[in-house]
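Trainee: sequence first, predicted model second:
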Amino acid sequence: MTDAHAEAVLVGWAQNPACPHCGFGTTELHDWRERRVWHLATGPRAVRARLRVPCLRCLRCGRSFLDPAGETYAPPGRRLTWPAIARVLDAVDAEGGPRPAAARLAREFGLRLSPGTVASLWRAYGRN
């Protein structure tokens, strides 16, 4: 992260989600997991966000799982928030392809994504 980027903390935590393993509705906080994601919806520059997601433990079966509320901010395995992905898709629509879209995102937001990453996002979430 460069000095030009701000940092924010996002916390994804639903109220007592059901265990995905056994369906029991009572859990306890076990630990926290943290991901770093880029967010583009707050202004003209990219914001580096720390997404903190609780790791919960089921009180019935004892298994641990991540709270699914964290996925409301960013999809699993991605380093961009949902609004940032929408901006990438908009750039592909406007520029006509992944390479010019990646150049536009670097120029406008300071976000450096490879054309391969932009193409991967388009394949996964592109609009028809």
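Mentor: Sure, I can see it. Residues are numbered from 1 along each chain as shown.
Trainee: where do the strands sit along the chain?
Mentor: 6-11, 27-39, 47-58, 64-66 (DSSP state E).
Trainee: who wins for proximity to residue 121 among those?
Mentor: strand 27-39 (11.9 Å; CB to CB). (C-beta placed from N, C-alpha, C; glycine too.)
Trainee: state the mean pLDDT of that closest one.
Mentor: Averaging pLDDT along strand 27-39 yields 88.
Trainee: let me see the contact set for the most centrally placed residue in the chain.
Mentor: The centroid of the chain falls nearest to residue 74 when counting by CA atoms, centre = their mean (2.3 Å). Shown in contact with residue 74 (CB atoms under 8 Å, 6 or more residues apart in numbering): 35, 37, 51, 80-82.
Trainee: and if we set it to 7 Å?
Mentor: The neighbourhood of residue 74, defined by CB atoms under 7 Å, 6 or more residues apart in numbering, consists of 37, 51, 80-82.
Trainee: tell me where the model's unsure across this protein.
Mentor: Low-confidence regions of the chain, defined by pLDDT under 70, span residues 1-7, 12-13, 41-43, 127-128.
Trainee: can you map out the helices along it?
Mentor: With helices called from DSSP state H, the chain shows them at 82-95, 98-109, 115-125.
Trainee: ok, residue 50 to residue 79 distance?
Mentor: Applying CB to CB, to the nearest Å, the value for residue 50 to residue 79 is 12 Å.
Trainee: what do these two both touch?
Mentor: residue 36.
Trainee: distance between the ends of stretch 85-105?
Mentor: End-to-end distance for stretch 85-105: 11 Å, by CA to CA, to the nearest Å.
Trainee: okay, the strands of the chain in CSV with mean neighbour count and distance to residue 101 next?
Mentor: Formatted as CSV, the strands of the chain follow (neighbours: other CB atoms under 10 Å; distance: least, CB to CB, whole Å):
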stretch, mean neighbour count, distance to residue 101
strand 6-11, 13, 23
strand 27-39, 15, 15
strand 47-58, 19, 20
strand 64-66, 17, 31
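Trainee: distance to residue 19 added to those strands, as TSV?
Mentor: Output for the strands of the chain, formatted as TSV (distance: least, CB to CB, whole Å):
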stretch	distance to residue 19
strand 6-11	20
strand 27-39	6
strand 47-58	4
strand 64-66	7
